[in-house]
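1. sharing a sequence plus its predicted fold:
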Amino acid sequence: MFEIPDDLRYMESHEWTSTDDVARVGITDFAQDELGDVVFVELPEEGDDITKNEEFGVVESIKAVSDLYAPISGTVVGVNEALFDQPELVNDDPYAEGWMLEVEPADEGEFDELLTAEEYREQTE
């Protein structure tokens, strides 16, 4: 069974976000398992704007290259630079050490449009 924290919101494309004033964004445990060993992560820079449902980066694994999609719109205020030297953190701990972005949300109402943990669980079963 995959870890799916109840306090996060999810996209059908397997990205997650916290619902804090500064929201953390990453990919789910399910996604990292499907990808296999992550070997490279391409992310936007601090100050960049991301738009909900649009591509914000790329994750490359031994199996595939996958686009990353923004669960919310906003301004990137933090990037997990540890991933540039240790992309395997996405595999080891996708919700803590393997987070990708910190975003200042443009519209907190967008959180309500995302899947709850229960809805995401049903999707991945």
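-> Structure's in. What do you need?
2. all helices of the chain, in order?
-> Per DSSP state H, the chain carries helices over the ranges 29-35, 82-85, 89-92, 117-124.
3. what's the closest of these to Glu102?
-> Of all the helices of the chain, it is helix 82-85 that lies closest to Glu102, at 12.8 Å by Cβ to Cβ. C-betas here are computed from N, CA, C, even on glycine.
4. which helices and strands does the closest one pack with?
-> helix 89-92 (3 or more Cβ pairs under 8 Å, 6 or more residues apart in numbering; DSSP states H and E).
5. list the buried residues in the helix it packs on.
-> Judged by neighbour count (16 or more other Cβ atoms under 10 Å), helix 89-92 contains these buried residues: 89-91.
6. ok now it, how far from the chain's centre?
-> 12 Å (Cα atoms, centre = their mean, to the nearest Å).
7. give me the contact list for it.
-> The contact list for helix 89-92, computed with Cβ atoms under 8 Å, 6 or more residues apart in numbering, reads 26-27, 32, 37-38, 41, 59, 80, 82-83, 97-98, 100.
8. go with 6 Å
-> 32, 38, 83, 97-98 (Cβ atoms under 6 Å, 6 or more residues apart in numbering).
9. what do you get for stretch 27-34?
-> Among residues not part of stretch 27-34, those counted as contacts by Cβ under 6 Å, 6+ apart are 2-3, 14-16, 90-91, 94, 124.
10. only whichever of those are buried, select them in ChimeraX.
-> Restricted to buried positions by 16+ other Cβ under 10 Å, the ChimeraX selection for those reads:
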select :14,15,16,90,91,94,124
